[in-house]
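# sequence plus the predicted model coming up.
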Amino acid sequence: MRRLAIGSLIAIVCLSIVGLSHAKAVSAAGPGVDGSTVQVAAMMADVAAGKKIYDANCASCHGAKGMGGVGPSLHGTLKNPAMPRTQKALVAWIKNPKPPMPKLYPAPLSDKDVDNVAGYVLATFK
């Protein structure tokens, strides 16, 4: 019985590793079969740090819950015409926004700050 339990555990670990490799490959490839995109880059962002950056720099226009105000809502479609809800697209927009959104990169926001706030937006606002 013990041998079976250890064998099962090893099989689960191996399948988990294969699954992570598949997720990275799907993310690199872009949208999945159902149109969704695996957000590995967003998952690697420091979401807690992104929340602090969002609260200090973005919430005054987009609202504490991303519902909008002076700036548009960050739920659903991100702009018109629609921008893909991907880490890459959101980072590009934050780094080079169109007015009236203020340009906060490269100062006061760094590359890492932009990655973190984009990850927070994608993880929090659907």
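Good, I have the coordinates. Since this is a predicted model, take the numbers as computed values, not measurements. Numbers count the residues shown, from 1 in each chain.
# how about Ser73: what's its closest non-neighbour residue?
Nearest residue to Ser73 in three dimensions, chain neighbours excluded: Met67, at 5.4 Å (Cβ to Cβ, 6 or more residues apart in numbering). C-beta: built from backbone N, CA, C; applies to glycine.
# count of residues packed around the one you found?
Around Met67 there are 12 other residues, counting by other Cβ atoms under 10 Å.
# just checking, it touches Ala59?
No. When contacts are counted by Cβ atoms under 8 Å, Met67 is not listed as touching Ala59 (10.5 Å).
# okay, Ala64: pLDDT?
Ala64 carries a pLDDT score of 97 in this model.
# where does it land in three-state SS?
Here Ala64 takes the coil state, with states given by DSSP: H, G, I helix; E, B strand; the rest coil.
# count of neighbours near it?
A count of nearby residues for Ala64, using other Cβ under 10 Å, gives 11.
# quick one, phi/psi of it?
phi -60, psi -30 (degrees, to the nearest 10).
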